[in-house]
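K.L.:
With the sequence up front, the predicted model follows.
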Amino acid sequence: MSASLPTVTLQSGTPLPDSIRSLLGLPDGPVFEFIAAVIASSVIAAALLGLVAVSGIWGKRKITAAFTDRIAVNRHGPFGLLIIVADAVRLLSKELIVPDGVDRPAWDIAPIVMAGSALLGFAVIPMGNGLQIADPEVGLAYVFAVASIASVGLVMAGYSSNNKYSLLGGLRAVAQNLAYEIPLIITAASVVIFAGTLRMSGIVGAQAETLVSVAGIGIPSWYAFVNPFAFVLFMAANLAEVGRNPFDIPEAPTEIVAGWQTEYSSVYFVLCYLSEFIHIFLGGAIIATVFLGGPAGPVLPGVVWFVIKMVAVYLFTQWARSAVPRVRIDQLIEIGWKGMLVLSFANLVLTAVIVGLTV
Amino acid sequence: MSLEDPTSPEADPEPVGVTEDGLDYDALEDLLGDLAIGRESHINAEAFVVRPGDVEEALVTLRDEAGFDHCSCLTAQEYEDRFESIYHLRKYDEPTQEVGVVVPAARENPVSQSANGAFRTADWHEREAYDLVGVEYEDHPDLRRILLPETWQGHPLRQDYDQEQPQVVPLREHANPLKDDHRGIDNSDTMFLNIGPHHPATHGVLHLKAVLDGEVVADVDPDIGYLHRCEEQLCQQGNYRHQIMPYPDRWDYISAGILNEWCYARAAEDLADLEVPEYAQVLRTMSAEMCRIAAHMLAAGTFALDVYGDFTAIFMYAMQDREKMMNLLEDLTGQRLMFNYLRLGGVAWDLPEPREEFFEKTRDLLDDLPERLEEYHNLITSNEIFQMRCIDTGVLEPEAAKSYGATGPVARGSGIDYDLRRDDPYGYYPELDWDVITEDGCDNYARVLVRLQEVEESAKIIKQCVDLLEDWPEEERTIQSNVPRTLKPEPDTEIYRTVEAAKGELGIYIRSDGTSKPARFKIRSPCFSNLQTLPEMSEGEYIPDLIASLGSLDIVLGEVDR
Amino acid sequence: MIGVLKSMATTMKHALDGETFTVEYPEETPEVSPRFRGVHKFSQERCIWCRQCENVCPNDTIQIVTDEQRNGEQYNLHIGQCIYCRLCEEVCPVDAILLTQNFEFTGDTKDDLAYSMEELKNVPWYKDIDPLASREPDRGGWIGEGEGEVDYQ
């Protein structure tokens, strides 16, 4: 499949570990490659955690407040930004309550699995300016594979908590992820047909050309413009995948208290919370890469554009949260299996036909 | 509906006892025949005394032959020589036509027949009577305590109840509600789930014992009483003139205070035969409708919260609108929730000076209201996902609603055209131009629609009241009539009066014993009866629908538990 | 879908118009109505120790101690127990007990909220609103004496 690949030219093509290795002047060899890879992952992970801290703790409050005519945090430092520090201290210094009868170590591992799976996905995302840890040929498949490991974490959390609400939440999470993972991947596959590659950098590169020129401004051939139907489908399925309104039923605070995370407190809660937000950003990153041209954009450096696109997707989830009711579990499954799946296959076939005819 | 009577209500258009000027109690007495062994006269209606063993037969006869299809309330009380249960019956079509059924029971061993066969609402009402007064009801399907814990010793409204008696119960005697995973040993496919008393969607401290089959609710049993504060007893210890009025604010505390106060005012004024100046009636009407808007706003907001999840925008918008209404009420009454604004024979004070400013503020708010309501319709009712969630879920058929004694927006959402403001007129309502809202959907969606439209109607009423108040001649602004400083109604007068509160028919029964304090003060809470319909609505549906139905009932636990 | 989009448009409109409803207490103190019922203020100079407030109080919040000659010794009011019904103010013939607009009071224990006569005297006016003056126009309607005998004790 890679024979007819167009040669990809990113702003700087080498993966991040290689750049770091040459920057530090480390020689070749597996040990040094490993060290460079660890440094690269740490950089990306730290940047992500920073982003999550700002958006999860501070940003979420401010955004919700904007939708509800309030001000939200504004007394801790400028714009209330120091709430991030205060919250971190507060959450980490709380007592970790381990309920009676939880199934350890499954209960302890679950939050790590969830957070880890989301972080792993970022390994292959090209964030512009050479910020990409690895660029395997099966990048897109890899992303979906690791992201769906989170469902295992959700079931573990739900099942091991010894709480009926958690159990219900865990079961709901599995049902939901099963129903929406498939449309998500099938929809992404239609993009693969266009790009002819699963390699993330290849998909980004394929979107670099100009689609049409309107009044001198070139509209790039992002797949969101080339195949808007797939884009809408993917956005909807992504909401379900990350469990946000109207598909937040695994947590469903007013129905099953907090779903699978009911019994988590302190550090474990932080991990759960982090993993949720990293998941939203991973969803945003996939959408940015697959549909919105990755780091492409005028004037600003690529990485900034990438973050902007990712945050835009995050903002969209928050917007939906403010206005869209939660669907019921049976309705959710029905939409997934009877609606999204059919539509995504139709989209795939249609794309294949069109691509086949035009090429 | 009719059990013994083969003829349907349509075939029997003339219920017994209805004449052109109202009710002919003699005809009713003839109808009951041997069942009636005596007759009492209450201020609101005549009452027939029935033997303890004939309760069901008498009630069924009255229901089927005479059209008394609404068992509004059951009052149990203790006399020196006997116990007594009074069933207050009325008609959904014509609530001014009332009749009481008095069932005496022996002092030593008070037992009488249960009315469950006639009205399903009797279930909880009889449990409450058993719990607080200790009258036992034969053939009751499930005669347990309802407000007090299972382990409680004694019946607190009895005269010989020892208040000093300790109620300490060792932990081992409390059943652990978490212990069993499923109910019924042979049916292990179900899971028992405690929803509440601490749960994000129970609107207070309500405990739902739910049995789930997967996500489907197989059985649900509301467990109430966590907020029981002996309000009836508190009122029995206060004097009529002043000390009772602050308490109604605390039953339905969702800013519906004045509506509740009006219920007490109406009962006590009719009991003591007090006049209320017309000007005060207009003030009462206006302030009560303000309360209704505030209460309905909260109902719509919290319902959205239940369906949307988290603190959604709609909840906050509704709270803002309620806030604005409460600012007006604060200007008028001096408090935002616990108004204590009504007095026997009038209201506590006139409009705040300068009056023009108050009128202007009120008008501004009312002018903004249509726009805000449009926003709610955009946000809630026209949203397809919301419709998907609410239409045809939590269905309450009108017949079931009547049998359970459901009133207020819950009944009107089931197509029952029943509004005491129009049907049993009081205050200034008859002089004003407004409509009763009904919806035939019988589902969660219909109940939300009713509330949102009732806000519009209330706004109409307020607007007309403001116009009236503005043009009221200055010298005729009497806000209180001449009321004796100490009220001592005639001994042994009994009255049961109801008003249309935010959640439905709020009733108060008072029996006086010639002192300045009531001998028996019984509150008929609309939420109490409405909550009883929850199993009817949600069995066989999903948990999210159960939560939505609960939200659409709009219960306030302060009023359910009293 | 139209309805969903309308919902989302409505919330976005609120997000973008920049209006907020928040009151930034304590920097910004809320406006309370002149009739607002806050913590009590007591005037020993005015009080005639008639005990009407003690009698009318629905939940025994006020406790008065006098000597044999009906000279007042103590006037205790448990503001933590008070339900702010304002009946004491309404019944007082000499305006000795008033409810100020002051809603800002704290106590670390329940005992701290049992105010003695001295504490009640020292309650500050809220923003210098004198409730007596602000309520003067309404006072006519307060006490419908009726024909019954006036039961001063």
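P.N.:
Looks like it came in fine.
K.L.:
for chain C, what are the low-confidence residue spans?
P.N.:
C:128-153 (pLDDT under 70).
K.L.:
ranges for the helices of it?
P.N.:
All helices of chain C, identified by DSSP state H, fall at C:2-17, C:52-56, C:87-91, C:117-121, C:131-135.
K.L.:
just checking, what packs against the second one?
P.N.:
Contacts of helix C:52-56 with other secondary structure elements, assessed using 3 or more C-beta pairs under 8 Å, 6 or more residues apart in numbering or on different chains; DSSP states H and E, are made with strand C:62-66, helix C:87-91. From N, CA and C alone the C-beta is placed, and that goes for glycine too.
K.L.:
Within its sheet, name the partner strands of the first one and how each one runs.
P.N.:
Read that as strand C:62-66. strand C:72-78 (antiparallel) (DSSP bridges).
K.L.:
Would you mark the buried spots in the partner strand?
P.N.:
Within strand C:72-78, the residues scored as buried using 16 or more other C-beta atoms under 10 Å in any protein chain shown are C:72, C:75-78.
K.L.:
re the thing from before, would you list the helices and strands packed on helix C:52-56 in JSON lines and tack on mean neighbour count?
P.N.:
Below are those laid out as JSON lines (neighbours: other C-beta atoms under 10 Å in any protein chain shown):
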{"stretch": "strand C:62-66", "mean neighbour count": "15"}
{"stretch": "helix C:87-91", "mean neighbour count": "21"}
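K.L.:
what would these look like in CSV with distance to A:Gly259?
P.N.:
As requested, the helices and strands packed on helix C:52-56 are exported to CSV (distance: least, C-beta to C-beta, whole Å):
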stretch, distance to A:Gly259
strand C:62-66, 51
helix C:87-91, 49
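K.L.:
looking at these, which is closest to A:Glu241?
P.N.:
helix C:87-91 (60.5 Å; C-beta to C-beta).
K.L.:
Please save the CA atoms from that closest one in CSV.
P.N.:
Listed next in CSV are the C-alpha coordinates belonging to helix C:87-91 (Å, rounded to 0.1, in the frame of the first residue of the first chain):
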residue,chain,number,x,y,z
LEU,C,87,-43.9,38.7,64.6
CYS,C,88,-42.0,40.1,67.5
GLU,C,89,-41.4,43.4,65.7
GLU,C,90,-45.0,43.4,64.6
VAL,C,91,-46.4,42.9,68.0
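K.L.:
Which other helices and strands does that helix contact?
P.N.:
If you count contacts as 3+ C-beta pairs under 8 Å, 6+ apart, helix C:87-91 packs onto helix C:52-56, strand C:97-99.
K.L.:
Highest mean neighbour count out of the ones you listed?
P.N.:
Mean neighbours per residue, mean count of other C-beta atoms under 10 Å in any protein chain shown, is largest over these for strand C:97-99, with a mean of 23.
K.L.:
Just give the nearest non-adjacent residue to the closest residue to chain A within the stretch 1-150 of chain B, would you?
P.N.:
Of all residues in the stretch 1-150 of chain B, B:Glu150 sits closest to chain A, at 22.9 Å by C-beta to the nearest C-beta. What sits nearest to B:Glu150 in space, not counting adjacent residues and going by C-beta to C-beta, 6 or more residues apart in numbering or on different chains, is B:Arg144, at 6.9 Å.
K.L.:
SS state for the residue of the stretch 1-150 of chain B closest to chain A?
P.N.:
coil (DSSP: H, G, I helix; E, B strand; the rest coil).
K.L.:
what about it, distance to chain C?
P.N.:
Separation of B:Glu150 from chain C (C-beta to the nearest C-beta, to the nearest Å): 29 Å.
K.L.:
Save the helices and strands packed on helix C:87-91 as JSON lines, and put in distance to A:Met156 too.
P.N.:
Below are these laid out as JSON lines (distance: least, C-beta to C-beta, whole Å):
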{"stretch": "helix C:52-56", "distance to A:Met156": "63"}
{"stretch": "strand C:97-99", "distance to A:Met156": "58"}
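K.L.:
which one of those lies closest to A:Val349?
P.N.:
A:Val349 lies closest to strand C:97-99 among the helices and strands packed on helix C:87-91, at 75.6 Å (C-beta to C-beta).
K.L.:
partners of that closest one, with directions?
P.N.:
The strands that strand C:97-99 pairs with in its sheet are strand C:40-42 (antiparallel) (by DSSP bridges).
K.L.:
Contacts for the strand it pairs with next, please.
P.N.:
By C-beta atoms under 8 Å, 6 or more residues apart in numbering or on different chains, the residues outside strand C:40-42 that reach it are C:75, C:77, C:79, C:82, C:88-89, C:96-100, C:115, C:117, C:120-121, C:123, C:125.
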